[in-house]
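S.K.: coords below, sequence missing:
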């Protein structure tokens, strides 16, 4: 067993709720705003950096660079540099990255189906939060 991720279930702790739980460290890649969008943009095949930047409305050059580096580090995307002048660099999903697309599509489908409900709940919460506190 990996000593960085001790199994605390024997002490009554649910491993899934532990900060160092292996699956939780991997789930972090789905919680960033741009990771899933960049992966979706790479779904149809290799793309160049500026092509991705044009596709992803609102992403900065710095954020796209960071996201691509993270996806490459996690084994979800690969970077290929071609020896041309200027150098050509393509990014594409790896087999591991393509295997995660179903999860991202399910999250996207759920978000599309429930967006109105979530937005209404936010608005109701914000309205209630602006009301003065009443003593009980």
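M.R.: Yep, it's here. The shown structure was predicted, so the numbers you read here are calculated from the model rather than taken from an experiment.
S.K.: where in this protein is pLDDT low?
M.R.: 1-20 (pLDDT under 70).
S.K.: Packing partners of the lengthiest helix in the chain?
M.R.: Counting by DSSP state H, the longest helix found in the chain is helix 101-130. When contacts are defined as 3 or more Cβ pairs under 8 Å, 6 or more residues apart in numbering; DSSP states H and E, helix 101-130 packs onto helix 33-41. Just so you know, the C-beta spots here come from the backbone N, C-alpha and C atoms, and that holds for glycine as well.
S.K.: helix or strand right after the helix it packs on?
M.R.: Next along the chain after helix 33-41, taking DSSP states H and E as the criterion, comes strand 47-48.
S.K.: Contacts for that next one, please.
M.R.: Strand 47-48 has contacts (Cβ atoms under 8 Å, 6 or more residues apart in numbering) with 41, 55, 88-92.
S.K.: Show me which of those is closest to residue 102.
M.R.: Nearest to residue 102 among the contacts of strand 47-48 is residue 41, at 16.6 Å by Cβ to Cβ.
S.K.: And for the nearest residue to that closest one once chain neighbours are set aside, the neighbour number?
M.R.: Using Cβ to Cβ, 6 or more residues apart in numbering and skipping the chain neighbours, the partner closest in space to residue 41 is residue 55 (4.9 Å). Neighbourhood size, residue 55 [other Cβ atoms under 10 Å]: 14.
S.K.: and the gap between residue 55 and residue 86?
M.R.: 21 Å (Cβ to Cβ, to the nearest Å).
S.K.: Once you drop chain neighbours, what's closest to residue 42?
M.R.: Nearest residue to residue 42, sequence neighbours excluded (Cβ to Cβ, 6+ apart): residue 93, at 4.8 Å.
S.K.: which residues does that neighbour form a beta bridge with?
M.R.: As for beta bridges, residue 93 partners with residue 77 under DSSP bridges.
S.K.: For it, grab the count of nearby residues.
M.R.: Count around residue 93 with other Cβ under 10 Å applied: 23.
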